[in-house]
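**Q** predicted model follows, preceded by the sequence.
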Amino acid sequence: MKTIYLIALSEWLYWIRSRLVIGSVLIFLVLLSVSAFFTSFHMDAESHVRMHQQAKADKTFLAQPDRHPHRMVHYGHYAFRTPAPLAGFDPGLDSVTGKSIFLEGHRQNTVMFPESSVSTDFGGLARLNPALIYQIFAPLVIILLAYNAIGREREAAVLTPMLALGITGRTLIAGKALALVSFMVLMLIPLLISAAFALVEGESFMALLMLFAIYFIYLAIWIALTLLMSIILKKGSTVLAAMTGLWFVFSLVLPSIAVNTASKTSAVPGKIETDLVMLKDVRKLGDGHNANDPAFKKMRQNILEKYNVEHIEDLPVNFRGIVAMKSEKKLAEVLNRYAKERMVAEAKQEKAIADYGWFTPTIAIAFASRTIAGTDLSNYHRFQKEAEALRYKFVQGLNQAHIKALSYKDDMNRNKDDKSARIDGSNWQVLDKFEFRTEDLSLRIGNATSSILMLLAWLIAISGLLIWRSKGIKS
């Protein structure tokens, strides 16, 4: 064991003497620090802005004066998607998905995208974040440190004497690996510091440990792969060229291929195409604004029989409100069916991309990272579902007020006497407070399981090959 420590210490001393290594590490740390600052600053500002806008939207809705209840249905409300606490480390899909949605009766609107000023405010750093730095650039630092681990000993003609002294190949590799792993742990400390700000926002400490663990596995894969190549290939320059090529393929080429392939094989129908098909089903439901629509003829008869009256004017409730409520229920069922189909298609496309994690660990870590951070597609879909639940509840609450708080006679005379067709503003209290929170950590870990298993499979496979090949190291 002492020999392994000495080999690791020797490796550290070499790195300290190497200006190239020191320079590369400093560049990495500066890049990481700058990206962490800008990302944290931006996401923190976004979080405060969205919470302020949500509170303002709630206050504005509840402060509306006496109105016709159906006017409030169309007046609508806004729901804002507050960024996850760990979005400051890994924004995930935040930059490419909407942040707010306008909720109103009879429709499910598209989630609106962030303002275009976001990218111009920060220039080229707008999309650069700590997670991306670790996923793309950290492997390059490891390659730079490890590519000449064995070749340097060969070129200095000290490998043969070391082996002759009884230092086995596995001992040598263990010492080199220990040095690299200790350096990797130091590299991951900024990850904990960057993510620690999420604790203030309510994130659990276990989430930070999970992030540390998956990035530890990811970088350990690159350590094992570089050491393996340093055994297989004789010269350090050849190892550097080979590993740079693998980094280019794993980090840039294969992810691009994955996205393009999934877009074709698991294509998601466009919004216009979907809306045209959905419109045909919606038209079959009848016009909820027209109480005399034939679609509600049977319901009208049932209501009259229930209250034992002959005319809807004699009903103790407002028939127009009943029509609005029934129409909204049927419409929501159709809208939710199409929304579910779209979400399933999007999830299928995402899985098609995620499956490429078996071919490149870069995709596996990207999916695992944003899932643990709570910035993945699943959380975005959950926002849409929760926003729809809010929309349906307050719309139906207003329809209920339409039924009970406004008479049919006053409702029908609303164009002649608008004031009599208004109801008290206290009825707007049907609006619930909307707070979008990150999914529970146990659920996030469950969603990330497949990606984590991919990372573990990569580490086990490469480490196994490394242990096997290290036995036969030759000068």
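**A** Now that the structure is in, tell me what you want to look at. Bear in mind that the values here come from a model prediction, so they are computed numbers and not experimental data.
**Q** looking at the chain, which residue lies furthest from center?
**A** Centroid-distance maximum for the chain: Glu310 at 56.4 Å, with CA atoms, centre = their mean.
**Q** my read: that residue touches Ile303, true?
**A** No. Using CB atoms under 8 Å, Glu310 makes no contact with Ile303, being 11.7 Å away. Every residue, glycine included, has its C-beta placed from N, CA and C.
**Q** which of the helices and strands in the protein ranks last by mean pLDDT?
**A** helix 117-122 (a mean of 42; mean pLDDT, DSSP states H and E).
**Q** do I have it right that Thr168 meets Ile467?
**A** No. Using CB under 8 Å, Thr168 is not in contact with Ile467, being 11.5 Å away.
**Q** now do the same contact list for Ala213.
**A** Taking CB atoms under 8 Å, 6 or more residues apart in numbering as the contact definition, Ala213 lies against nothing.
**Q** and it, how close does it get to Ala207?
**A** With distances taken as CB to CB, to the nearest Å, Ala213 is found 11 Å from Ala207.
**Q** ok, now Ala63?
**A** For Ala63, the distance to Ala207 (CB to CB) stands at 38 Å.
**Q** and these two? Which one has more around it.
**A** Each of Ala63 and Ala207 has its neighbours counted (other CB atoms under 10 Å); Ala207 has more, 22 against 9.
**Q** grab the nearest non-local neighbour of the more buried one.
**A** Spatial nearest neighbour of Ala207, excluding adjacent residues (CB to CB, 6 or more residues apart in numbering): Leu441 at 5.3 Å.
**Q** one more: Ile322?
**A** Ile403 (5.7 Å).
**Q** over to Lys393?
**A** That would be Asp432: by CB to CB, 6+ apart, it lies 6.4 Å from Lys393.
**Q** contact partners for the one you found?
**A** Leu390, Lys393, Phe394.
**Q** so of those, which ones are in helices?
**A** Leu390, Lys393, Phe394 (DSSP state H).
**Q** the second one and Ala79, how far apart?
**A** Lys393 is 12 Å from Ala79, where distance means CB to CB.
**Q** between the two, who's got more neighbours?
**A** The residue with more neighbours, out of Lys393 and Ala79, is Ala79; 24 against 13, by other CB under 10 Å.
**Q** neighbours of the residue nearest to Ile322, how many?
**A** 21.
**Q** tell me the pLDDT at it?
**A** As predicted, Ile403 sits at a pLDDT of 91.
**Q** with Val141 instead?
**A** What the model reports as pLDDT for Val141 is 93.
**Q** that one and Phe28 touch, don't they?
**A** Yes. Using CB under 8 Å, Val141 is in contact with Phe28, at 5.1 Å.
**Q** what strand or helix carries Ala291?
**A** In this structure, Ala291 sits in neither a helix nor a strand according to DSSP states H and E.
**Q** now do stretch 353-366: distance to the chain's middle.
**A** Here stretch 353-366 is found 16 Å from its chain centre; the criterion is CA atoms, centre = their mean, to the nearest Å.
**Q** and the strands in the stretch 1-150 of the chain?
**A** Ranges of strands in the stretch 1-150 of the chain, per DSSP state E, counting those that start in this stretch, are 77-80, 100-104, 107-108.
**Q** distance of Asp66 relative to Leu406?
**A** 11 Å.
**Q** anything in contact with each of those two?
**A** Ile423.
**Q** more crowded one of those two?
**A** The residue with more neighbours, out of Asp66 and Leu406, is Leu406; 23 against 13, by other CB under 10 Å.
**Q** among the strands of the stretch 1-150 of the chain, which comes closest to Ala267?
**A** Ranking these by proximity to Ala267 (CB to CB) places strand 107-108 first, at 21.5 Å.
**Q** and that closest one, what does it pack onto?
**A** Other elements packing on strand 107-108 under the criterion 3 or more CB pairs under 8 Å, 6 or more residues apart in numbering; DSSP states H and E are helix 319-354.
**Q** how does it look with 10 Å?
**A** Judged by 3 or more CB pairs under 10 Å, 6 or more residues apart in numbering; DSSP states H and E, the packing partners of strand 107-108 are helix 319-354, helix 377-404.
**Q** show me the contacts for the most centrally placed residue in the chain.
**A** Geometric centre of the chain, nearest residue: Asp376, 1.8 Å, by CA atoms, centre = their mean. Going by CB atoms under 10 Å, 6 or more residues apart in numbering, Asp376 touches 84, 90, 92-93, 350, 354, 366-370, 382, 439, 444, 447-448.
**Q** and the pLDDT at it?
**A** 93.
**Q** and for Val141 and Phe28, which residues touch both?
**A** Taking CB under 10 Å, 6+ apart as the criterion, Val141 and Phe28 both touch Met187.
**Q** any idea of the pLDDT on Leu125?
**A** 46.
**Q** for the one 3 residues further on, same thing?
**A** Leu128 is assigned a pLDDT of 81 by the prediction.
**Q** now Gly166
**A** Gly166 is assigned 64 on the pLDDT scale.
**Q** got the angle between the longest helix anywhere in the chain and helix 377-404?
**A** For the chain, the helix that runs over the most residues, judged by DSSP H, is helix 19-62. Inter-element angle recorded for helix 19-62 and helix 377-404: 10 degrees (by axes from the mean of the first three to the mean of the last three CA atoms, to 10 degrees).
**Q** need the ones in helices among the contacts of Asp432 in TSV with pLDDT and distance to Lys56, can you?
**A** Converted to TSV, the ones in helices among the contacts of Asp432 look like this (pLDDT from 0 to 100; distance: CB to CB, whole Å):
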residue	pLDDT	distance to Lys56
Leu390	94	16
Lys393	94	20
Phe394	93	17
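**Q** what's the overlap in contacts for Thr168 and Ile467?
**A** Shared contacts of Thr168 and Ile467, defined by CB under 10 Å, 6+ apart, comprise Ala174.
**Q** contacts only, for the residue nearest to Ile322.
**A** Pro69, Leu315, Pro316, Val317, Asn318, Phe319, Arg320, Gly321, Ile322, Val323, Ala324, Met325.
**Q** could you do Met243 as well?
**A** By CB under 10 Å, 6+ apart, the residues touching Met243 are 139-140, 142-144, 146-147, 222, 225-226, 228-230, 233.
**Q** tell me how far Leu132 lies from Leu31.
**A** According to CB to CB, Leu132 stands 10 Å off from Leu31.
**Q** just to revisit the earlier point, give me the common contacts of Ala213 and Ala207.
**A** In contact with both Ala213 and Ala207: Ile372, using CB under 10 Å, 6+ apart.
**Q** got the buried residues for stretch 409-427?
**A** Residues Asp410, Asp411, Met412, Arg414, Ala421, Arg422, Ile423, Asn427 are the ones in stretch 409-427 that count as buried (16 or more other CB atoms under 10 Å).
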